[in-house]
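Trainee: prediction below, plus the sequence it came from.
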Amino acid sequence: MLKNRFLLFIVFMFVLIVTACSDGTVEESSNEANSEKEDNQTENTQTEEKSGGSLVLGTTAAPTLFNPYYSTDTSSSTIEGFIFSGLVTVDTDFNPEGDLAESWEFTEDGLRWTFHLRENVKWHDGADFTADDVVFSYGIPLHEDYIGPRGLPFEIIEEINKVDDYTVEFVLSEPYAPFITITAQFEVLPKHILGEVPIAELGMNKFNTKEPIGTGPFKFQQWKEGEYIELIANEDYYLGAPKLDSIIYKIVPDMNTLMAQLQVGDINLTGISPQYIETAKKLEEQGKVVVTSGPSNAFEYIGYNLRNELFQDKLVRQALTHAIDKEAIVQAILDGSGVVAHGPGSPANWAFNPDVPKFEYDPEEAKRKLKEAGWEPNKDGILEKDGNKFEFVLKTTSANEIRQQIAEVAQQQLSEIGIKTSIELLEWSAYVEQTSPPLWNFDAIVAGWSIGSDPDPTWFWHTSEIENGLNYNGFSNERVDELLSENTKISDIEERKRIIAEADAIVAEEQPDTFLYYVEGSLANAPNLHGPKFNAANTYYKIHEWYID
Amino acid sequence: MTTYIIRRTLMAFPLLFLITIISFGMMQMAPGDPTALMMDPMIKQENLAAYKEAYGLNDNVIVQYVRWLGNMIQGNFGESLIRQGVPVSELILARLPNTLILMIVSSVIAFLISIPLGVISATKRNSLTDYSITFVSFLGVATPNFWIGLVLIMFMSVHMGWFPTGGVATLGEPFSIWDRIHHLILPAFVLATADMAGLTRYSRSSMLEVLRQDYIRTAKANGFKNGTVIFKHGLRNGLIPIITIIGLMLPSFIGGSVIIESIFAWPGIGLLFVEAAFQRDYPVIMAVVVIAASLVVIGNLIADILYAIVDPRIEY
């Protein structure tokens, strides 16, 4: 009988666990355990105060290698930013700011850029940083043996000249305003270590994974496979020794577990995706974390393949946009953490044009426009033109839950105006292959774009980007081409702003995409970590000044 | 017996060979390739082509397979295509011990809990105890592993603070056995739950079968104590079929470890495999496939051998 009771107890406990976790009632009973933990934490931090403590940065994606000329993923470039320094950096509003270069100037024709380098900068191994390192680094992607993903932005560089030990001159083949952001994005590598490595083998060199040496605020310590990457403070950092002792870049593949680790203090900083913003806000109410949010430099959209006859009429594309309730998507799927979009770009950067033609949610208007374009409902209520039904496949990647949900909402809303869609979910690599050149095998996709430090929209909308580039839609507009070709040649920011705004307005009128929303990003950190504040431009701006108290 | 073992071992090789052919073919058939991750506004077509050329991705699948097989036989798993320049063997060696520890501890937990439960269930057939065990077993079968894992993390780690929230060891602490065990308990338990339910049911029916035998009745009639009859005469015989299950459980442990490792941030080969699969890191995928397949084959082999040892009636 005792055994029976024990079993019942187990079953009871099990039910208790299940219910407890669904409504959080266990919290009260476990306050004791928590406060005990907090006590431990404060004790720890007190002992750590004088030394600065560790930043434990949680992330779901492991990095690949630490060399900006070879890596493409966010985790790697984040860590590269800690180890290496660039000629310039950007502040939290995308304004370029000197880093390894103290100052720079360019000739009136925009072709010659001269950078005056900071003196007395040391590599982590003690060697001096000089102009040779810059010439070497920027020469990598220009080298004919280079095998890596970063060749394109360097194509405009005609010559790199060392003027003296602390002055470098770049000669460009044409004026290119975004050039300064290239120098911000690509950090400088040490020539005295890598100078002798054949360029064809540089991508596989153990420097990238075992012993990266930079000039940045943190030194590489170790990479514990599958667990974390440890960096320690560079006491000789030229902007002052970091206040933090170390950075642990911790890999936690499951986002739910990551949130749990944030809650108990196993990590003290992480980016929060929209699905978890509600959880993060709850933790903030309990005083466990601080959440900061802001527009991130990205937008989400439903993109139409303009090679497909269905989408060749502008009226039809506008009608599709009228049919989709973006506000509902933002509220229901993102819990409000996003801003309804009408055109390309992002409010996070200076080139944003809020004043574009808008096609608000209005199913009746959608039906009217489709009728004008010749689409009439048949007896089943499906739109038909010349005997063809309005049906298409909406593709997206299963790697992104939000996009899946958007696809479902869009399917539902399009069906209300008589358009039949089916959803096809593809795993990421497959999705990329299907949607990019030379296949372009899609009718419509739910996708998103992150904009670089320079808001140049050439990549997405210029006709020259159709064949091999990112203009997957196959969008082509003469005036837009003209404007975009002009935009990168102008160094005056107000003038560029005007030109990009005009191009954005035309794109918004044409609606090659149904622009859904501007993404909002969030960062959650432990309350005792001072420094991080979400911004789209440079999350880890001045990280050497961050500290834990 | 020795000839049997040798014969079985030799037979494992063509099997593994076949597995590699099928896996390699399927992997290549999957759309996309390692360069999908490099899709970036900054890539130049010439550089992309050079990358594919340098890593032999342009070659015919058969050529690629033969090259891979040739290297593998010499013990060279190649280098990762994504973590460029890092030998695959280095990635595997860093992670395999973690997976093995997790699997071994899990199976021990699964056996220690399930077999006694199965025996109790069988001896108290159709009692409330039996029904409760059956109920919990079915609940276990029906509940997804990752869910149990998350619930336990939320309850045991976050709310109660009894266990760490993941990983193999506390960050920044020197190595300690207790710390390792502390980190191991939850993931090992959750991985064990996948097979515990089935194992309980197996041992229950196996025991029932045995308890029905004449020699049990004889033993009872001879006046042996109930416990002696069940454990000495019953359990020993009842265990025979269970042993075969060890071999069958291995694949599910390997499959389960993929999920458990991800939930508990456990740096094992399951996690490595998932990452590699999404990145189309072919050499890493193949290395994990070979290792997992070998484990399963070895597991089956051991089960067969054990079977012969516990059951003297079996001859080869």
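Mentor: Received the coordinates, thanks.

Trainee: tell me the contacts of residue 197?
Mentor: Going with chain A. Counting by Cβ atoms under 8 Å, 6 or more residues apart in numbering or on different chains, residue A:197 touches A:205, A:207. Every C-beta, even on glycine, is put in place using the N, C-alpha and C of the backbone.

Trainee: nope, chain B please
Mentor: By Cβ under 8 Å, 6+ apart, the contact set of residue B:197 is B:114, B:136, B:137, B:138, B:139, B:140, B:141.

Trainee: what parts of the stretch 101-250 of chain B come near chain A?
Mentor: Along the stretch 101-250 of chain B, the residues adjacent to chain A under the rule Cβ under 8 Å from any Cβ of the partner chain are B:120, B:128-129, B:132-133, B:135-136, B:139, B:150-155, B:157-162, B:164-168, B:171-172.

Trainee: among those, which are located in helices?
Mentor: B:120, B:128, B:129, B:132, B:133, B:135, B:136, B:139, B:150, B:151, B:152 (DSSP state H).

Trainee: and which of those is nearest to chain A?
Mentor: If you rank those by distance to chain A using Cβ to the nearest Cβ, residue B:132 comes first, at 4.3 Å.

Trainee: what's the burial count for the closest one?
Mentor: Residue B:132: 20 surrounding residues under other Cβ atoms under 10 Å in any protein chain shown.

Trainee: relative to residue B:92, how far out is the nearest residue to residue A:67 once chain neighbours are set aside?
Mentor: Nearest residue to residue A:67, sequence neighbours excluded (Cβ to Cβ, 6 or more residues apart in numbering or on different chains): residue A:208, at 4.3 Å. Residue A:208 sits 20 Å away from residue B:92 when distances are taken as Cβ to Cβ, to the nearest Å.

Trainee: now residue A:273
Mentor: Per Cβ to Cβ, residue A:273 is found 31 Å from residue B:92.

Trainee: try residue B:59
Mentor: 24 Å.

Trainee: then residue A:333?
Mentor: Residue A:333 is 40 Å from residue B:92, by Cβ to Cβ.

Trainee: ok, now residue A:276?
Mentor: According to Cβ to Cβ, residue A:276 stands 32 Å off from residue B:92.

Trainee: and for residue A:357?
Mentor: As judged by Cβ to Cβ, residue A:357 and residue B:92 stand 56 Å apart.

Trainee: neighbour-wise, which of the two wins?
Mentor: Counted by other Cβ under 10 Å, residue A:357 and residue B:92 do not tie: residue B:92 has more neighbours, with 19 against 14.

Trainee: find the nearest non-adjacent residue to that one, please.
Mentor: Spatially, and ignoring its direct neighbours in sequence, residue B:92 is nearest to residue B:287 (5.5 Å; Cβ to Cβ, 6+ apart).

Trainee: check residue A:110 too.
Mentor: Excluding its sequence neighbours, the residue lying closest to residue A:110 (Cβ to Cβ, 6+ apart) is residue A:175, at 3.0 Å.

Trainee: can you pull the contacts of that neighbour?
Mentor: A:109, A:110, A:111, A:488, A:489, A:490, A:491.

Trainee: same question, residue A:380
Mentor: Counting by Cβ under 8 Å, 6+ apart, residue A:380 touches no other residue.

Trainee: confirm it sits in a helix?
Mentor: No - read with DSSP: H, G, I helix; E, B strand; the rest coil, residue A:380 is coil and lies in no helix.

Trainee: correct me, but residue B:141 touches residue B:198?
Mentor: Yes - between residue B:141 and residue B:198 a contact is recorded at 6.9 Å, counting by Cβ atoms under 8 Å.
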